[in-house]
Structure formats: C-alpha cells, structure tokens
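**Q** I would like the atomic coordinates for the input below:
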Amino acid sequence: MIQTLLAISEVTKQVFDKNPNFLPTKPMDFGRFLVISVGTCSPKSENKYSAEMAAKWGVLGWLLYGGSTPLVDVFMQASADMVDFHNSTVFQALHSEDNYLRDDTIRGKDASVDITTKENLDNLVTIGEKLLKKPVSRVNLKTGLSEPVEIGGTNEQALKRFAKLLSEEKRLRETRSSSKPKKNLN
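**A** A predicted model of the protein is given here:
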C-alpha cells in the first residue's frame, strides 16, 4: 500500500517538475492517473485475532502470539488501511474514483513473495482469474470498508478500460515525439 502512495507522489513530483515525458497535466488532475494496487490480505481480514483474545494478553502476548507478532501486525494493518483510505478519499474527492483499483484478497502462503513452487504459482494464476471476475470494489468513506461498486462492472472490464486508455496515451505520445524535430548528434 505504501508503494502505491509513493508511486502517486513520484508521478506528481514529475508533473510539478514539468518532466517532458508527461503531457501537460495539472498536479491535481487525478483523471489522468490510472492506479492498480494489488496487495496481500491483512491479519485483520484473516481474523487472526479477536478482542476477546487480545484482552487476555500481557506485554509478551502482544509481542508474540501463536507464532506471529500481533503488535507489528496491528501497526502494519493500520498503515495499510490509512494509505488505502487516503488514496480512496483523494480519488473520490477529485471525481476520479474509476481510475483507482485496489484489491488485497491474496491470503496466507499465496501472499508470500518467496514461495516460487509450481503449486504456489498455479494458485496465484487461479487467484488472478477469480479476481478478474470479481466486481470492482471501493472504500466506503463513511465505514472505511471496501464494498462492491453497483455499476462498476468487473475487475476484468476495468482493466480492459485501463488498457484502452494506456494504448491511446501511448499513441498520443508517439505522435507527439515523432512530430518533434530530431536533434543533430554531430
């Protein structure tokens, strides 16, 4: 999640610096930003802990419980939630919510970046195929929960729309760069 926020910030900085690789864009024109953020499921979503369990923990229980680290998990989840809520708020406030796709349903060992067995890679393909068929979802700014968008279509449809927009952008940039006079390298 933090990576998504950093990527958005970096593009915004490039726009502010008038980088010639970016078409003239206003820094807050989020209608020109397309963001796809696919993450891993958090302990909150996996229901690893409950309030009843945590109420019985002492200091050591918060540091280590059942082979995991609840205190670290809570801070990481809070950070991810805040970034997702921030990104959702900004895109919705600037009427560009259709340009921000987020999903974090990959769970358990499938979410591990260092398990490259054929079985795990096959599982990731299956997860990806299922994810394409899911409805587009978005954070409800009143509840903070991710909810399906009524007329948002599926993730597959949203990705096809993104691909079309990116293809059009590429053609526009190629047209623009071919119309510029070439510099003499001699």
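**Q** which residues in the protein form strands?
**A** Under the criterion DSSP state E, the chain contains strands at 35-40, 100-106, 137-139, 146-148.
**Q** columns mean pLDDT on top of those, output as JSON lines?
**A** Conversion of the strands of the chain to JSON lines gives the following (pLDDT from 0 to 100):
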{"stretch": "strand 35-40", "mean pLDDT": "81"}
{"stretch": "strand 100-106", "mean pLDDT": "84"}
{"stretch": "strand 137-139", "mean pLDDT": "90"}
{"stretch": "strand 146-148", "mean pLDDT": "90"}
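**Q** redo those strands as TSV? Include mean neighbour count and distance to Gln3.
**A** Heads up, the C-betas are built off the backbone N, CA and C, glycines and all. What follows is the strands of the chain, written out as TSV (neighbours: other CB atoms under 10 Å; distance: least, CB to CB, whole Å):
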stretch	mean neighbour count	distance to Gln3
strand 35-40	16	8
strand 100-106	19	12
strand 137-139	19	18
strand 146-148	13	18
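**Q** could you export the ones you listed as JSON lines, including distance to Arg171?
**A** Below are the strands of the chain laid out as JSON lines (distance: least, CB to CB, whole Å):
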{"stretch": "strand 35-40", "distance to Arg171": "20"}
{"stretch": "strand 100-106", "distance to Arg171": "23"}
{"stretch": "strand 137-139", "distance to Arg171": "29"}
{"stretch": "strand 146-148", "distance to Arg171": "33"}
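**Q** so which of those is nearest Leu94?
**A** strand 100-106 (10.1 Å; CB to CB).
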